[in-house]
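K.L.:
pasting a predicted model and its sequence here:
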Number of protein chains: 2
Amino acid sequence: MNKNPVNGMRDILPNEMKVRNYVLKLIRETYQSFGFTEIETPCVESIENLQGKNGGENEKLIFKVMKRGEKLNLETAKTENDLVDSGLRYDLTVPLSRYYSNHQADLPKPFKALQIGRVFRAERPQKGRFREFYQCDIDIFGDGTNLAETELILAMTTLLQKIGFKGYEIRINDRRILKAMASFSGLPETEYDEVFIALDKMDKIGLEGVTKELLALGMTESDTAAVLGFFEASGTKNGTEGLDALAGKLGEVLDPSVVSNMKEIFALVNAAKSEGFELIFDPTLVRGMGYYTGPIFEISVPQFGSSVGGGGRYDEMVKKFCGQETPACGFSVGFERIISILMDENFQVPDAPEKVAVLLEKGLSEEKKAAAFKDAQALRAEGKCVAIAMMAKNKKFQKDQLAADGYTDIREVYEREF
Amino acid sequence: MNKNPVNGMRDILPNEMKVRNYVLKLIRETYQSFGFTEIETPCVESIENLQGKNGGENEKLIFKVMKRGEKLNLETAKTENDLVDSGLRYDLTVPLSRYYSNHQADLPKPFKALQIGRVFRAERPQKGRFREFYQCDIDIFGDGTNLAETELILAMTTLLQKIGFKGYEIRINDRRILKAMASFSGLPETEYDEVFIALDKMDKIGLEGVTKELLALGMTESDTAAVLGFFEASGTKNGTEGLDALAGKLGEVLDPSVVSNMKEIFALVNAAKSEGFELIFDPTLVRGMGYYTGPIFEISVPQFGSSVGGGGRYDEMVKKFCGQETPACGFSVGFERIISILMDENFQVPDAPEKVAVLLEKGLSEEKKAAAFKDAQALRAEGKCVAIAMMAKNKKFQKDQLAADGYTDIREVYEREF
């Protein structure tokens, strides 16, 4: 038997678990205060849903689950997919869209969903990246207005404030602005997705790397220069001045309602937002998933050099399940990234209950033991955490261990009173 | 794309999710007040751990996960296991024993673990039985005394009291008593496990059915009669009188320390226990898993005709992972069964926050919208749940829906004040 977790997955130790549970409690409290309703979907989804082109690059990372019983036939199987009927989900968005399609008659409209759960990706194992991890998503179905984006941004920033994050940025863009830039540059629409995937790597491989990728896709040098020119020129500017400048350049190629919609999101968020973050228009923001159709956003925490969440509007996905047009907009908080930042900072969970240890002398009579259990039950009813254990031979070591584990009140019970 | 969950698994709707979250909160609070520390293990385990003979019948129900990349070779694969390297866990006990073996140097002694998580079994789908479900287990490693059994029983009964269960029974037996009865009847030790598996079906198939199964195993009619004689004779009796009577019959075959240990568990639990349940010695209790080595127990709720949890001592499992003798004792609460009972009773979660809905007139100015978001943020900071939505054309229907969803304060915001 193997005492290690499977390759790329991990056990959660008690100290980290406390921090995870604390953050999950804040997530539930905060999102529920915005009217989000928690739901759950299975970890296993049918293979056709997982391979339905909504997962982008993640579809290459599916853990596939084998057919069982008579359905499994090794001899006639020619391809992998002859052997599998399902797989582990790689995100919560595909299952949620299926869920909404299946249950919408029983759900309020608009439906504001909170989903917390494990997802699985067979990525090459590397530091800080695991093959099983938690995602925490909020999504709004059935609201095509920018109330949805505003609520999502306010909910997630309220959460980050409660966790204690400050000085971060929410970068926002719109898929339709990216498309307008691509169209203005003369690219054919069939190439947009590939171009966006290349642009999305700007952070990692820089302007030079992206230029190479675009040329490798078969783009001409002049098209490449035109697209990248927008990125160089607009840069990242506070407020909506950058948006106005870009809209001016793009002229009729960009629908003016996209600009006014974005400006209203800025106005509403800025009116109601807490301190601690800036909303920034960033035309270089792409986000990987091809399914986005409108505003997209991402949270950057400069001091940690990484994103702690992101999301956007994806109005076309539910239709693939049930044929019905359904506006949808969602945000996924980078739960594992947040936990790893808090663990690095040696974060202490506030308001933990007082911990009492009761050590029983070896050979204690049944009466004394019974009294100790009775006393412990009374302390527990008062909200204290009480652990009963036999006194170890090395009592000093035992007490040091308990103290290290947060036990501040250590009592000893002997047969004879002293 | 398929809008249904995979066969045998299920989506959790908002109403049930509220009850589940409420019970999970009670489970965490209660078990933590007994000094149990929450941990987590992956849903995926290596296939050799899952097939290591600790899963009993569940090992036939494993969802197997296919190898990936170069490791997967369809052409040379001869058996199922050539294609798989892992599977979905069917319980939390095997992963927890692996976890303890792996991390014991970093864990307190004794280690009191709480684990809550999804498990997976490819059972034939049927009403009320699902292929993915939650288990909530508490286990104590490194305590060979009956403090462990006592703490487990007190913890789970305190939990059931908080949930509101009354009038239930905790049936308790000891594997060593079962073994003594088998030995007294003259059975060879190699047949014990098969005989116990047959006896365990007494509830379902009755004395006649069990007799048939034992004869089918090749037992003689006289051995069968001898074993079943114990079951008929002892019956189920309150307190420990039944235990004394049985011990008298078995004589030297039963180690007297087994009897005194059981009696002390009765004394300690009865001294500290809450109202609402009876502890009952039941020599017909077997429990399915072959890994139990000492006391075993099960919770019966007569009015629901089923068990809502059970557990026992399994001192031999950790050794299989790390070679080191480690006493272990655990209890698993029947989470899904409890939820289904509460849902059938139309259980209402207490102390939910007040829900406020704010409906915005269509075409409302940016200023009015911004003010509404600002007001909502203030109410949320006060602990209320506030949802903002555009006013629907059919406002009455919208308000009825909100009321049905628990919104008791529905506000309307218009451009012109009335």
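P.N.:
Happy to help now that I have it.

K.L.:
for burial, what's the neighbour tally of the nearest residue to A:Val301 once chain neighbours are set aside?
P.N.:
Of all residues beyond its chain neighbours, the one nearest A:Val301 is A:Tyr168 (4.5 Å), with distances taken as C-beta to C-beta, 6 or more residues apart in numbering or on different chains. The way it works is simple: take the backbone N, C-alpha and C, and place the C-beta from them, glycine included. Other residues near A:Tyr168 come to 19 when the count uses other C-beta atoms under 10 Å in any protein chain shown.

K.L.:
tell me the contacts of A:Tyr168?
P.N.:
A:Leu160, A:Gly276, A:Phe277, A:Ile299, A:Ser300, A:Val301, A:Pro302, A:Val308 (C-beta atoms under 8 Å, 6 or more residues apart in numbering or on different chains).

K.L.:
quick check: pLDDT value at the last one.
P.N.:
Looking at A:Val308, its pLDDT stands at 91.

K.L.:
excluding sequence neighbours, find me the nearest residue to A:Gln324.
P.N.:
For A:Gln324, the nearest residue in space outside its immediate sequence neighbours is A:Val318; the separation is 6.8 Å by C-beta to C-beta, 6+ apart.

K.L.:
burial count for the one you found?
P.N.:
One way to gauge burial is a neighbour count; for A:Val318, by other C-beta under 10 Å, it gives 25.

K.L.:
check the one 4 residues further on too.
P.N.:
Taking other C-beta under 10 Å as the criterion, the count of residues near A:Cys322 is 16.

K.L.:
list the contacts for it?
P.N.:
Neighbouring residues of A:Cys322 by C-beta under 8 Å, 6+ apart: A:Ser101, A:Asn102, A:Gln104, B:Lys3.

K.L.:
cutoff 6 Å now
P.N.:
A:Ser101, B:Lys3 (C-beta atoms under 6 Å, 6 or more residues apart in numbering or on different chains).

K.L.:
swap in the one 5 residues further on?
P.N.:
Taking C-beta under 6 Å, 6+ apart as the contact definition, A:Pro327 lies against A:Gly144, A:Asp315.

K.L.:
mind picking the lowest-pLDDT entry from the contacts of A:Tyr168?
P.N.:
Where pLDDT dips furthest among these: A:Pro302, at 75.

K.L.:
low pLDDT regions in chain A?
P.N.:
Applying pLDDT under 70 to chain A picks out residues A:232-239, A:418.

K.L.:
domain parsing for it?
P.N.:
According to the domain assignment given by automatic domain parsing, chain A is divided into the following structural domains: A:1-144+A:315-352, A:355-413.

K.L.:
for those domains, which one ends up most surrounded?
P.N.:
Looking across the domains of chain A with neighbours counted as mean count of other C-beta atoms under 10 Å in any protein chain shown, the highest average goes to domain A:1-144+A:315-352: a mean of 19.

K.L.:
please tell me how far the closest residue to A:Arg129 other than its chain neighbours sits from chain B.
P.N.:
Of all residues not flanking A:Arg129 in the chain, A:Glu123 sits nearest, at 6.1 Å (C-beta to C-beta, 6+ apart). Relative to chain B, A:Glu123 is positioned 11 Å away (C-beta to the nearest C-beta, to the nearest Å).

K.L.:
please verify my assumption that A:Lys112 contacts A:Gly35.
P.N.:
Yes - checked against C-beta atoms under 6 Å, the pair A:Lys112 and A:Gly35 is within contact range at 5.3 Å.

K.L.:
how about A:Glu189, nearest residue that isn't a chain neighbour?
P.N.:
Closest residue to A:Glu189 apart from its sequence neighbours, by C-beta to C-beta, 6+ apart: A:Ser183 at 7.5 Å.

K.L.:
around chain B, pick out the residues from the stretch 101-250 of chain A.
P.N.:
Contact residues (C-beta under 6 Å from any C-beta of the partner chain) of the stretch 101-250 of chain A with chain B: A:Ser101, A:Asn102, A:Pro108, A:Ala122, A:Glu132, A:Thr145, A:Leu147.
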